[in-house]
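Asker: just need the structure, nothing else, for what follows:
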Amino acid sequence: MRIKLDQWELMHAIEEYLNKKDINFDLTNTYTEMHAQVTEDIRQHKKHKNGKVVKNEYGYPEWETVGQETKSVHIKEYDEIEIFVEC
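Answerer: You can find the predicted model right below:
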């Protein structure tokens, strides 16, 4: 299943959530910016001790995760968020 929300639907959902918590904001009629913190893996080719790239049984280089970095993403007016749920 795929759930797709644009920026306005997301703002409306946040506003409804805050109203349930007795925090009343009118996010649609005030200046509001939305940012998301996204954590991405830093990947590089896996290497042998001698520095050569490790290849799998099909001859393609293998990858390994060497760290993670956090990026800030600005959610603008026409942006969308997709949530994929395996049913």
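
Asker: could you give the number of residues near residue 34?
Answerer: Neighbours of residue 34 under the rule other CB atoms under 10 Å: 16. Yep, even glycine has a C-beta here, placed from its N, CA and C like the rest.

Asker: and residue 45, by the same measure?
Answerer: Neighbour tally, residue 45, other CB under 10 Å: 12.

Asker: kindly report the same for residue 55.
Answerer: Residue 55 has 13 neighbouring residues, counting by other CB under 10 Å.

Asker: which residues touch it?
Answerer: 61, 62 (CB atoms under 8 Å, 6 or more residues apart in numbering).

Asker: and it, how far from residue 63?
Answerer: Going from residue 55 to residue 63 by CB to CB, to the nearest Å gives 11 Å.

Asker: what sits against the residue located most distally from the centre of the chain?
Answerer: Each residue of the chain has a distance to the centre, and by CA atoms, centre = their mean the biggest one is for residue 50: 36.1 Å. Contacts for residue 50 (CB under 8 Å, 6+ apart) come out as none.

Asker: how far away is it from residue 3?
Answerer: 48 Å.

Asker: just to revisit the earlier point, for the residue farthest from the centre of the chain, give me the pLDDT.
Answerer: The model reports residue 50 with a pLDDT of 93.

Asker: that one: what secondary structure?
Answerer: What DSSP: H, G, I helix; E, B strand; the rest coil gives for residue 50 is coil.

Asker: likewise for residue 19?
Answerer: For residue 19, the assignment made with three-state DSSP gives helix.

Asker: neighbours of it, how many?
Answerer: Close neighbours of residue 19, defined as other CB under 10 Å, add up to 11.

Asker: distance of it from residue 61?
Answerer: Separation of residue 19 from residue 61 (CB to CB) stands at 52 Å.

Asker: for the spatially most central residue of the chain, list the residues it contacts.
Answerer: Using CA atoms, centre = their mean, the residue of the chain that lies closest to the mean C-alpha position is residue 38, 4.7 Å off. Contacts for residue 38 (CB under 8 Å, 6+ apart) come out as 70, 71, 72, 73.
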